[in-house]
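Undergrad: give me a model of this one.
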Amino acid sequence: MVRDLELRLTPVRIAEPDALRDEAARAIAVAPGRIRGVTVLRRSLDARPKTPVFQLRVRVWIDEEPAPEPAFELALGDVRSQPPAVVIGSGPAGLFAALRLIEGGLRPIVLERGRAVPERRRDVAALSREGLVNPDSNYCFGEGGAGTFSDGKLYTRSTKRGQIGRVLGILAAHGAPPEILVDAHPHIGTNRLPGVVDAICRTITGHGGELRFGTRVDGLLRAGDTVSGVHTAGGERIDARAVILATGHSARDVYELLRRGGVTLERKPFALGVRVEHPQSLIDSLQYRCAARPAGLPPAAYSLLTRVGGRGVYSFCMCPGGVICPAMTAPDEVVVNGWSPSRRNSRWANSGIVIETTPEDWAAFEAEGELAGVAFQSSVERRAAAAGGGAGVAPAQRLVDFVEGRASADLPDCSYAPGLASAQLSEVLPGAFARALRAGLREFGTAMRGYLTNEAVVVGVESRTSAPLRILRDRRTSMAINVDGLFPCGEGAGAAGGIVSAAMDGERCADAVLRNRGRNRGQVPVSHE
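TA: As a prediction, this is how the structure comes out:
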């Protein structure tokens, strides 16, 4: 007999040998010896009770041996002699699109402006240590895209756009920890992601796909309203009947290329703010309501949300046991983001605290048309660079000092490697943002007593939360609404946010390419998304 059960165990109890078997036996009132196997299907931490508990969904085998879990496998053939499809960008959207194309019998040619992971590591190190920005190889661009050096959060609300289990299964089959298949908020860790990305790339090339690094696309080849391939900055022409555009939300030159080419774009709200970093021990004490984190519990996280003057103010990409990193893609910018290693064992906790933008915020940039949000975003990043003084140094204030509007005489230790400069962040952020941020942080300090402290530091600016525009697609074909054969994809298209949703959108666009083979798009009614 097989039963599925819900169990709640304390961290101490869950670490004991045979705890799952014994608790399952107690729950269904059978002798423990009759339990032949217990498999965890889902696991989450409930930190609300005085003593936090793990909540588990388990499958229990009673009086029979457990059935073996089927191994996850992709049905991939060799596509070396098959027709090509170009994929621009090797982030999660691009790589998962390439895998899906191989499944469908097309040969993906993945073009990536940045470098492969070994060389890219050196570029990221130079950025962190010396503030030297390689515009084509950094935290955003290179093998695996922004996902490679993100912290690998795999939680998504985009449940209707694809198969989350399939995406997680592919990641686990390529070296991600198996826990991602059961955790409610799965996480890989920055230290493990490069190996996972490398394994996926080897799967693509091993079945006949191509990966070309250091290859920046600077033009779309067109025959009227139909894409016929791409042109690279190196002067190469690559012919293809389908082009998946998966360049991420920081490829501003691509947006300009699309506008010049008449591709329909529309402005889209995004969020802008700062990174706030606390000692992890402080966040642990606040969330677990104790002096020190109990054994068996992970570093504590938090999620905060309020509204100020009609704008949402909220925590974004919270990184327990993490690091603030430099995410700029040009030398005259300062942009910060955050990541955590798999063990989440840094002594700091950081989170973006961001505010929703509105069209009124871009009013000074109306002359930029569809790229007004990009211009607004860029202007704030340049102000942050000027306030930091150069070499990637970021402007910063102690948290209470920022809220109360006074300069910080000194700054606490911080994980941001290029360094901090004491500055008034109200002179970096537009006035409405600074006011909303101060009010929101005061509310967070009330909701989470102890959060508002000068032990914490505010670092500017967190500006690359999502794309500031959307590339309009036909809902039924996933093609750009006025360019046949161009499939805008992932975060850069404004169609996803995060690793899993971008991967699912990559698969969705690859499926659309496969369906479109031989079809006449002109017979399909246009419905924008």
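Undergrad: would you tell me which strand is longest in this protein?
TA: When the chain is parsed with DSSP state E, its longest strand is strand 35-46.
Undergrad: tell me if Leu429 really is in a helix.
TA: No: the assignment for Leu429, made by DSSP: H, G, I helix; E, B strand; the rest coil, is coil rather than a helix.
Undergrad: got a list of what it touches?
TA: Neighbouring residues of Leu429 by Cβ atoms under 8 Å, 6 or more residues apart in numbering: 272-274, 380, 437, 460-461. Every C-beta, even on glycine, is put in place using the N, C-alpha and C of the backbone.
Undergrad: same thing but at 10 Å, please
TA: Taking Cβ atoms under 10 Å, 6 or more residues apart in numbering, we find Leu429 in contact with 272-274, 355, 380, 383-384, 395, 402, 435-438, 460-461, 463.
Undergrad: from the residues you listed, which land in strands?
TA: Secondary structure from DSSP E places 272-274, 355, 395, 460-461 of the contacts of Leu429 in strands.
Undergrad: who wins for neighbours among these?
TA: Val274 (32 neighbours; other Cβ atoms under 10 Å).
Undergrad: test my guess that it contacts Phe402.
TA: Yes: counting by Cβ atoms under 10 Å, Phe402 is a contact partner of Val274 at 8.3 Å.
Undergrad: what residues do these two have in common as contacts?
TA: Joint contacts of Val274 and Phe402 (Cβ under 10 Å, 6+ apart) are 396, 425, 429, 434, 437, 441, 457-458, 460.
Undergrad: save those as TSV, and put in pLDDT and distance to Ala510 too.
TA: Below are the shared contacts of Val274 and Phe402 laid out as TSV (pLDDT from 0 to 100; distance: Cβ to Cβ, whole Å):
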residue	pLDDT	distance to Ala510
Ala396	98	42
Leu425	98	42
Leu429	96	39
Ala434	95	43
Leu437	97	40
Leu441	98	42
Val457	98	43
Val458	98	41
Gly460	95	38
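Undergrad: tell me the one among those nearest to Arg192.
TA: Val457 (27.6 Å; Cβ to Cβ).
Undergrad: that older thread, can I get the shared contacts of Val274 and Phe402 in a markdown table with distance to Arg212?
TA: Output for the shared contacts of Val274 and Phe402, formatted as a markdown table (distance: Cβ to Cβ, whole Å):
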| residue | distance to Arg212 |
| --- | --- |
| Ala396 | 39 |
| Leu425 | 41 |
| Leu429 | 39 |
| Ala434 | 44 |
| Leu437 | 42 |
| Leu441 | 45 |
| Val457 | 41 |
| Val458 | 41 |
| Gly460 | 36 |
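Undergrad: got a PyMOL select line for the buried ones in those residues?
TA: Of the shared contacts of Val274 and Phe402, the buried ones go into a single PyMOL selection, burial set by 16 or more other Cβ atoms under 10 Å:
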select buried, resi 396+425+429+434+437+441+457+458+460
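Undergrad: closest to Gly142 out of the shared contacts of Val274 and Phe402?
TA: Gly460 (24.7 Å).
Undergrad: so where do the strands sit in the stretch 1-150 of the chain?
TA: Ranges of strands within the stretch 1-150 of the chain are 2-9, 35-46, 53-62, 84-88, 107-111, based on DSSP state E, counting those that start in this stretch.
Undergrad: and the ones you listed, which is most packed in?
TA: Across the strands of the stretch 1-150 of the chain, averaging neighbours per residue (mean count of other Cβ atoms under 10 Å) puts strand 84-88 on top, at a mean of 27.
Undergrad: mind listing the strands that strand pairs with, and their directions?
TA: Under the criterion DSSP bridges, strand 84-88 sits next to strand 107-111 (parallel), strand 243-245 (parallel) in its sheet.
Undergrad: now it: average pLDDT?
TA: Across strand 84-88, pLDDT averages out at 97.
Undergrad: chain center to that strand, what's the gap?
TA: Centroid separation between strand 84-88 and its chain, computed with Cα atoms, centre = their mean, to the nearest Å, is 23 Å.
Undergrad: export that strand as CSV, just CAs?
TA: Written as CSV, here are the backbone C-alpha positions of strand 84-88 (Å, rounded to 0.1, in the frame of the first residue of the first chain):
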residue,chain,number,x,y,z
PRO,A,84,19.4,25.8,-38.4
ALA,A,85,17.7,28.2,-36.0
VAL,A,86,19.6,31.1,-34.5
VAL,A,87,19.4,31.7,-30.8
ILE,A,88,20.8,35.1,-29.7
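Undergrad: if we can go back for a sec, tell me the one of the ones in strands among the contacts of Leu429 nearest Leu56?
TA: Of all the ones in strands among the contacts of Leu429, Leu56 sits closest to Gly273, with 35.7 Å by Cβ to Cβ.
Undergrad: just give the nearest non-adjacent residue to the closest one, would you?
TA: Excluding the flanking residues, the one nearest Gly273 by Cβ to Cβ, 6 or more residues apart in numbering is Val354, at 3.4 Å.
Undergrad: so the one you found bridges to which residues?
TA: With DSSP bridges as the rule, Val354 is bridged to Gly273, Tyr314.
Undergrad: got the contact list for it?
TA: Applying Cβ under 10 Å, 6+ apart, the residues contacting Val354 are 270-275, 312-317, 433, 437, 440, 461-463, 465-466.
Undergrad: what's the PyMOL syntax to select whichever of those residues are buried?
TA: Buried residues among these (16+ other Cβ under 10 Å), as a PyMOL selection:
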select buried, resi 270+271+272+273+274+275+313+314+315+316+317+433+437+440+461+462+463+465+466
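Undergrad: does Gln7 really touch Asp46, like I thought?
TA: Wrong residue type there; residue 7 is Leu, not Gln. No: here Leu7 lies out of contact with Asp46, judged by Cβ under 10 Å, at a distance of 12.0 Å.
Undergrad: what touches both of these two?
TA: In contact with both Leu7 and Asp46: 53-55, using Cβ under 10 Å, 6+ apart.
Undergrad: in JSON lines, list the strands of the stretch 1-150 of the chain along with distance to Ile481.
TA: Converted to JSON lines, the strands of the stretch 1-150 of the chain look like this (distance: least, Cβ to Cβ, whole Å):
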{"stretch": "strand 2-9", "distance to Ile481": "45"}
{"stretch": "strand 35-46", "distance to Ile481": "40"}
{"stretch": "strand 53-62", "distance to Ile481": "43"}
{"stretch": "strand 84-88", "distance to Ile481": "19"}
{"stretch": "strand 107-111", "distance to Ile481": "23"}
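Undergrad: nearest to Gly261, out of those strands?
TA: Taking the strands of the stretch 1-150 of the chain one by one with Cβ to Cβ, strand 84-88 is closest: 13.4 Å.
Undergrad: and the helices in this structure?
TA: Here the chain has its helices, by DSSP state H, at 11-14, 19-28, 92-103, 117-130, 164-173, 193-206, 252-260, 280-288, 372-388, 399-404, 431-447, 499-516.
Undergrad: point out the most buried one among the ones you listed.
TA: helix 92-103 (a mean of 29).
Undergrad: other SSEs contacting that helix?
TA: With contacts defined as 3 or more Cβ pairs under 10 Å, 6 or more residues apart in numbering; DSSP states H and E, helix 92-103 has these neighbours: strand 84-88, strand 107-111, helix 164-173, helix 193-206, strand 210-212, strand 243-245, helix 499-516.
Undergrad: wait, Thr306 touches Ala439, no?
TA: Yes: counting by Cβ under 10 Å, Thr306 touches Ala439, with 8.2 Å between them.
Undergrad: overlap of the contact sets of those two?
TA: By Cβ under 10 Å, 6+ apart, the residues touching both Thr306 and Ala439 are Val313.
Undergrad: returning to what we had before: so the longest strand of the chain versus helix 19-28, what angle?
TA: Orientation check (axes from the mean of the first three to the mean of the last three Cα atoms, to 10 degrees): strand 35-46 against helix 19-28 gives 100 degrees.
Undergrad: centre-most residue in the protein?
TA: By Cα atoms, centre = their mean, the mean C-alpha position of the chain lies nearest to Gly498, the distance being 3.3 Å.
Undergrad: look at the residue nearest to that residue when sequence neighbours are not counted and report its pLDDT.
TA: Residue nearest to Gly498 in three dimensions, not counting chain neighbours: Thr156, with 5.6 Å by Cβ to Cβ, 6+ apart. Looking at Thr156, its pLDDT is 76.
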